[in-house]
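# the sequence and its predicted three-dimensional model are supplied below.
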Amino acid sequence: MRVAVVGSGPAGLFCAKALVERGVQVTLLDVGKELDADRRKKAEMLAETPRNQWPPEIVRNLSDNPTVTPGKVPKKLLFGSDFAYQATHPFAPIDNPDVHPTPTFSKGGFSMIWGSAALPVSDQDLADWPINHDDLAPYYRKVLQTMPLCGGDGTLEDAFPSLSPSLDELYQGAQGRNLLRDLERSKEWLRTRGVLYGPARLAIHTTESTSSMGCNSCGFCLSGCPRNAIFNTLGVLDEICGEGKVEYRNNSIVHRVDEQDTGVTVTIIDEPTGRQSVETFDAVFLGAGAINTTRILLTSRELYERTITLKESKKFLLPLLRFKSDTEAMTERQVTLANIFMEINIPALSKHWIHMQMSPMNDLIMKSFGLAPDAPSSLRRTILSPILQRFMVAWCGLHSDHGDKFEIKLARSGAYEPPILHARSKPNLEIG
């Protein structure tokens, strides 16, 4: 049996792994853009060097992020590169490459730049779906046999069971530890008001493995993890490819799929040459992300000028000032991804959960205040210290019922050109 999987992000990777475990030979088709060799080499050098010996010029180069601007949520780059955000492609063009959300052609998909936050979806948030949490739970458990997960304690388990055979622990840092202590004191009061909390559930390797050196709390998380501790799909992909169970083909742009009585034909464009080829498989699984998967299906059915509406969860940042200062906040080396989760269930606001990720002081916050994280003391730093020692950020997410919509439509191009995708964000006027 020949089966193709399209895409190497989490959906494609775990689909391929599940097929392999059933004895199926898998061909994984992927565009497979990767980080440039120079940045990769510099990141590897940091991984092998103690944090206090990192060369400042390399740190500046790999942490450069021009998207850190006042009033906007910055992008999480990978060692200063935005290669994972390539929205348009000559063989898969979009008329509005700046539209959000952005598709990706990256090897590993968005697992290369995600914040590693992982929670099961509750039934409250699956109200309009034909499946529920219990249907998904066995497959969450299956994924968590491979993907690491940290967390524990607090009250998250009341509604969001970990489903992991064991939860690893991460050091929360001074700010996270003190916030957890405050929440613990108010545990029952928060429970009665629909607020759950706990250490952030993060997919991070805490110990050395075949694909990771393990987290050492270097504090570089938001620029990229030199030790490969933040989970991405590449380690598992390399493993199953090395065992000969998956054939990985990069530079492969899937143009269309056509179901027939004898199987599924896949039209593939070779990126370097532009040549098209057609292969037949017994089955094809599409895991190319919401936008590119929709593009493939629209092209396959030749559904031109048909508007497809996608929903997007509403996200925003909420700055927080704690009454008590943490003098270590600006100097302590720690995991700078979210360190606390809060889940809020207030029916008067929403019938869905409101998700909050509390993040400690980090490089991006300091840069937004005009401070270089590793720079020596300055007058500006001295003046801002009383504020920054109390400063945290809540990254908030609302259910897609409350978010903006995303409309895409496929349009014909010239006779020998691929169809172009028209993409527009449509604000949800009900929430302003």
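Received it, and whenever you're ready, just let me know what you need.
# all helices of the stretch 51-200 of the chain, in order?
56-63, 133-143, 173-185, 187-192 (DSSP state H, counting those that start in this stretch).
# distance of the spatially most central residue of the chain relative to Q145?
The centroid of the chain falls nearest to W114 when counting by C-alpha atoms, centre = their mean (2.8 Å). W114 sits 20 Å away from Q145, going by C-beta to C-beta, to the nearest Å. Every C-beta, even on glycine, is put in place using the N, C-alpha and C of the backbone.
# also R380?
R380 is 49 Å from Q145, by C-beta to C-beta.
# quick one: which of these two has more around it?
More crowded of R380 and Q145, by other C-beta atoms under 10 Å: R380, with 12 against 9.
# surely the more buried one forms part of a strand?
No - using DSSP: H, G, I helix; E, B strand; the rest coil, the assignment for R380 is helix, not a strand.
# would you check that it makes contact with M366?
No - checked against C-beta atoms under 8 Å, the pair R380 and M366 is beyond contact range at 10.8 Å.
# about what we covered before: among the helices of the stretch 51-200 of the chain, which is nearest N232?
When the helices of the stretch 51-200 of the chain are compared by C-beta to C-beta, helix 133-143 sits nearest N232, at 13.7 Å.
# elements contacting that closest one?
helix 10-21 (3 or more C-beta pairs under 8 Å, 6 or more residues apart in numbering; DSSP states H and E).
# which elements pack onto the helix it packs on?
strand 2-6, strand 25-29, helix 133-143, helix 234-242, strand 283-286.
# show residues contacting the fourth one.
Yep, that's helix 234-242 we're talking about. Helix 234-242 is contacted from outside by 8, 13, 16-17, 20, 28, 107-108, 112, 146, 209-212, 228, 246-248, using C-beta atoms under 8 Å, 6 or more residues apart in numbering.
# report the buried members of those residues.
8, 13, 16-17, 20, 28, 107-108, 112, 211-212, 228, 246, 248 (16 or more other C-beta atoms under 10 Å).
# tell me which of those has the lowest pLDDT.
The pLDDT minimum for the buried ones among the contacts of helix 234-242 sits at S211, where the score is 88.
# tell me which element that residue falls in.
S211 is part of no helix or strand when elements are defined by DSSP states H and E.
# now do the one 5 residues further on
Using DSSP H and E, N216 sits in no helix or strand.
# wait, it sits on R227?
Yes - here N216 reaches R227: they are 6.5 Å apart, a contact under C-beta under 8 Å.
# who has more neighbours, the two?
R227 (19 against 15).
# dump the residue contacts of that one.
Neighbours of R227 in contact, by C-beta under 8 Å, 6+ apart: A47, S212, M213, G214, C215, N216, C218.
# check what pLDDT it gets.
96.
# repeat for T382
T382 is given a pLDDT of 89.
# that one: neighbour count?
9.
# please report the distance of it from P70.
Taken as C-beta to C-beta, the span from T382 to P70 is 22 Å.
# can you check P55 too?
Taking C-beta to C-beta, one finds P55 at 29 Å from P70.
# those two - which one has more neighbours?
Neighbour count, other C-beta under 10 Å: between P55 and P70, P55 has more, with 12 against 7.
# backbone dihedrals for that one, both of them.
Backbone dihedrals for P55, given as degrees, to the nearest 10, come out at phi -70, psi 120.
# what is the helix or strand R295 falls within packed up against?
In the assignment (DSSP H and E), R295 maps to helix 289-301. Using 3+ C-beta pairs under 8 Å, 6+ apart, the elements in contact with helix 289-301 are strand 252-260, strand 283-286, strand 308-311, strand 405-411, strand 420-426.
# next helix or strand past the first one?
I take that to be strand 252-260. Heading C-terminal from strand 252-260 (DSSP H and E), you reach strand 263-270.
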